[in-house]
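Asks: what follows is a predicted protein model with its sequence.
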2 protein chains.
Amino acid sequence: MTYSAAEQAKPDRYEEILSAAAECFRQQGFAATSIDTVARYLGSTKGRIYHYFPSKMDLFNVVRDRGMELAFEGVMPGYETKGDPVERLALMAHGHVLTMIQCHAFMQVLLDGLRMRRYGATTDFQRQALERHLEQRNEFERMFRDVIQEGIEAGQFREGAVSFVVQSFLVTVNGPVFWYVEREGDDLTKFQRIADEVVGFAMGGLGVQWTAEMTRKIKQNTGVSK
Amino acid sequence: MTYSAAEQAKPDRYEEILSAAAECFRQQGFAATSIDTVARYLGSTKGRIYHYFPSKMDLFNVVRDRGMELAFEGVMPGYETKGDPVERLALMAHGHVLTMIQCHAFMQVLLDGLRMRRYGATTDFQRQALERHLEQRNEFERMFRDVIQEGIEAGQFREGAVSFVVQSFLVTVNGPVFWYVEREGDDLTKFQRIADEVVGFAMGGLGVQWTAEMTRKIKQNTGVSK
DNA sequence: GTTGACAACATACTCGGTAGTATGTTTGCC
DNA sequence: GGCAAACATACTACCGAGTATGTTGTCAAC
């Protein structure tokens, strides 16, 4: 059994609940969000939610896993590009920032996910889901670590204690999750501008000068669209 | 009436509760932490806590305000230094990172503080406390913003959209709150190393090369000890 | 076109946990 | 010996997770 089994069966109504839950979890956190809160947000009652999800924790797990999926999707195109670590990293960062902004709710839920370690993972299935998620987190970090490490060894980045540098880089590109607030007329152009700025800062932290034009150029060459 | 009134009256036992609460709030967040949890952590019962604090929310407010105080203390020495914006900023950042690591629990609670906006600030007094806190947060950000702005205008930093740059800088120096985990033999030397690394990254994000030796040197000259 | 079955919910209820209170109990101090 | 601070204990009231059961619409089979 996987969560995705039920997920595939009922696309639309199921998806509505997911988004609503993500938004509620984002605003108040897991503990402070009641099932009734999510239901009210949907204009329904808990009956609807429990029809699709066996428990609050399971609902959260699906939201969290979805967030992780989205995060990977944002980074993968850059990661799989062949060539310079500097360019690959910049592409990864750029894609990630866009994901952070556009999937704001799901991404914020990912933060709470860590705290859940202490929390009750009551069933075996939930324990496994948590375990799997932590592995995915590591996997995600590892992708950035690898590329950064490679760049340092090639002498393309400023030297420094790798682990702290990686953490600083990650926290910078994760940054918009904390400080970006959705505004009315925000469109893709605005998102790109933010991403350019953040990527410029993050690459600068590694000792590399990086401009928005450089991002555009690689995207052209590699055919990365996102 | 202020929180600090009761605070000054009973120093030691009061302070114990604060630290315990900070640690519990850090681990599980505000909503998931019960008063009984804090009491158990202290080896006591809720009677003790309610003897000092009228409600859970008030307890949280004191912890949060304390965290804010500590944050200001870490940054002030650098901020009040006369001279180059670059050097001032580096000192501020360095002090802040040290605070982040050494007062880990209180700092993490500051994060949850924002979420509390949605939450119930039930009494007038609590609403005022929240209001005051949000002002302090802005004040804190403004200190960094001012110095960074000054540096940009002086042409000492890479150009960029100020607000995004400031946010990226802040999130970087706040970083250790997320990724630093306390380990056995960690002492001040280790903390300094981390701070040096993070400051190097953050300053790099602004387009400035910055080394640990430069931090040492200014501290010598300005007499900043922390 | 009627019936039966099932999905997709809503409603009504249970029960454990938690904030807050009211009431002891001990200890030090005057 | 009395009084108050500093708690512990006992209790209430409520909220929220999970469950059990009711209701409605739809679709298929006969």
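Replies: Great, that's in hand.

Asks: so is the spatially most central residue of chain A in a helix, a strand, or just coil?
Replies: Ranked by distance to the mean C-alpha position of chain A (Cα atoms, centre = their mean), the top residue is residue A:71 at 3.5 Å. Put simply, residue A:71 is helix when judged by DSSP: H, G, I helix; E, B strand; the rest coil.

Asks: over to the one 4 residues further on?
Replies: When the structure is split into helix, strand and coil by three-state DSSP, residue A:75 lands in helix.

Asks: residues near it, how many?
Replies: For residue A:75, the tally of surrounding residues (other Cβ atoms under 10 Å in any protein chain shown) stands at 22. Backbone N, C-alpha and C define where each C-beta goes, glycine included.

Asks: list the contacts for residue A:173?
Replies: Residue A:173 is in contact with A:93, A:96, A:97, A:100, A:198, A:199, A:202, counting by Cβ atoms under 8 Å, 6 or more residues apart in numbering or on different chains.

Asks: tell me how many other residues surround the fifth one.
Replies: The one in question is residue A:198. Residue A:198: 30 neighbours (other Cβ under 10 Å).

Asks: wait, it sits on residue A:175?
Replies: Yes - contact criterion Cβ atoms under 8 Å: residue A:198 and residue A:175 qualify, at 6.3 Å.

Asks: by mean pLDDT, flag the weakest helix or strand of chain A.
Replies: helix A:3-9 (a mean of 45; mean pLDDT, DSSP states H and E).

Asks: ok, then the element right after that one?
Replies: helix A:12-32 (DSSP states H and E).

Asks: export the helix or strand following that next one as PDB, just CAs?
Replies: Going down the chain from helix A:12-32, the next helix or strand is helix A:35-42, by DSSP H and E. The C-alpha coordinates for helix A:35-42 follow below in PDB (Å, rounded to 0.1, in the frame of the first residue of the first chain):
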ATOM      1  CA  ILE A  35      -9.300  18.500  10.800                       C
ATOM      2  CA  ASP A  36     -12.400  20.700  11.300                       C
ATOM      3  CA  THR A  37     -10.200  23.700  10.300                       C
ATOM      4  CA  VAL A  38      -9.300  22.100   7.000                       C
ATOM      5  CA  ALA A  39     -12.900  21.100   6.500                       C
ATOM      6  CA  ARG A  40     -14.200  24.600   7.200                       C
ATOM      7  CA  TYR A  41     -11.600  26.000   4.800                       C
ATOM      8  CA  LEU A  42     -13.200  23.700   2.200                       C
END
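
Asks: list the buried ones in helix A:35-42?
Replies: Of all the residues in helix A:35-42, those buried under the rule 16 or more other Cβ atoms under 10 Å in any protein chain shown are A:35, A:37, A:38, A:39, A:41, A:42.

Asks: excluding chain neighbours, give the residue nearest to the last one in space.
Replies: The spatial neighbour of residue A:42 that comes closest, neighbours along the chain excluded (Cβ to Cβ, 6 or more residues apart in numbering or on different chains), is residue A:20 at 5.0 Å.

Asks: got it, and residue A:77?
Replies: Nearest to residue A:77 is residue A:224, by Cβ to Cβ, 6+ apart, at 4.6 Å.

Asks: what does residue A:162 give?
Replies: residue A:149 (5.9 Å).

Asks: ok, then the element right after the helix or strand harbouring that neighbour?
Replies: Element membership for residue A:149 (DSSP H and E) is helix A:124-153. Later in the chain than helix A:124-153, the nearest helix or strand by DSSP H and E is helix A:162-174.

Asks: distance from the chain centre to stretch A:186-198, please.
Replies: Mean-position distance between stretch A:186-198 and its chain equals 17 Å (Cα atoms, centre = their mean, to the nearest Å).

Asks: residues contacting that stretch, please?
Replies: By Cβ under 8 Å, 6+ apart, stretch A:186-198 touches A:93-94, A:97-98, A:101-102, A:172-173, A:175-176, A:180, A:211-212, A:215, B:160-161, B:164-165, B:168.

Asks: among the contacts of residue A:173, which ones are in helices?
Replies: A:93, A:96, A:97, A:100, A:198, A:199, A:202 (DSSP state H).

Asks: for those residues, which one is nearest residue B:16?
Replies: Distance to residue B:16, by Cβ to Cβ, is smallest for residue A:100 among these, at 39.3 Å.

Asks: the closest residue to that closest one other than its chain neighbours: neighbouring residues, count only.
Replies: In this structure, residue A:100 finds its nearest non-sequential neighbour in residue A:176, 4.4 Å apart by Cβ to Cβ, 6+ apart. Residues lying near residue A:176 (other Cβ under 10 Å) number 27.
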